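[1] missing the sequence, but the structure's below:
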């Protein structure tokens, strides 16, 4: 029951993150070439419930978190907690002075070893 609830919350969070991803625009580098570059129009603020330096990552079954850490070594990814063995799910942190939170999330979501990724959420505490 707990895992069904966790996956439901995770799916809702992924939908929210995808629908709120940063907008991009394409501009010509110079008028006399066809070369283009992609710029972020504006940084969309994170939802209030998001913990910017913590991301929950669901790995593909054959993936290894050490490979992902190696691929993103410039951002000092560290595993805070192993959340589930099957599918492999970990809570990671990283250096937010080296990369913006939304960019880190985007890069993780595009990685072929990652099935899903979302920001960890602030708890409301127990009453």
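    On my side now, so go ahead. Computed from a predicted model, the values in this text were never measured in an experiment.
[2] which residues in the chain form helices?
    Applying DSSP state H to the chain gives helices spanning 2-19, 65-71, 101-110.
[3] which of the residues in the last one are buried?
    Meaning helix 101-110. Buried residues in helix 101-110, counted by 16 or more other C-beta atoms under 10 Å: 101, 102, 104, 105, 106, 107, 108, 109. For glycine as for every other residue, the C-beta is placed from the backbone atoms N, C-alpha and C.
[4] just stretch 47-60 next, same as before
    For stretch 47-60, the neighbour count (16+ other C-beta under 10 Å) marks 50, 51, 52, 53, 54, 55, 56, 57, 58, 59 as buried.
[5] contact partners for residue 101?
    Going by C-beta atoms under 8 Å, 6 or more residues apart in numbering, residue 101 touches 46, 50, 52, 53, 119.
[6] please name every helix or strand in contact with the lengthiest strand in the chain.
    Counting residues, the longest strand found in the chain (DSSP state E) is strand 50-59. Here strand 50-59 touches helix 65-71, strand 89-93, helix 101-110, strand 114-121, going by 3 or more C-beta pairs under 8 Å, 6 or more residues apart in numbering; DSSP states H and E.
[7] between helix 101-110 and it, find me the angle.
    10 degrees (axes from the mean of the first three to the mean of the last three C-alpha atoms, to 10 degrees).
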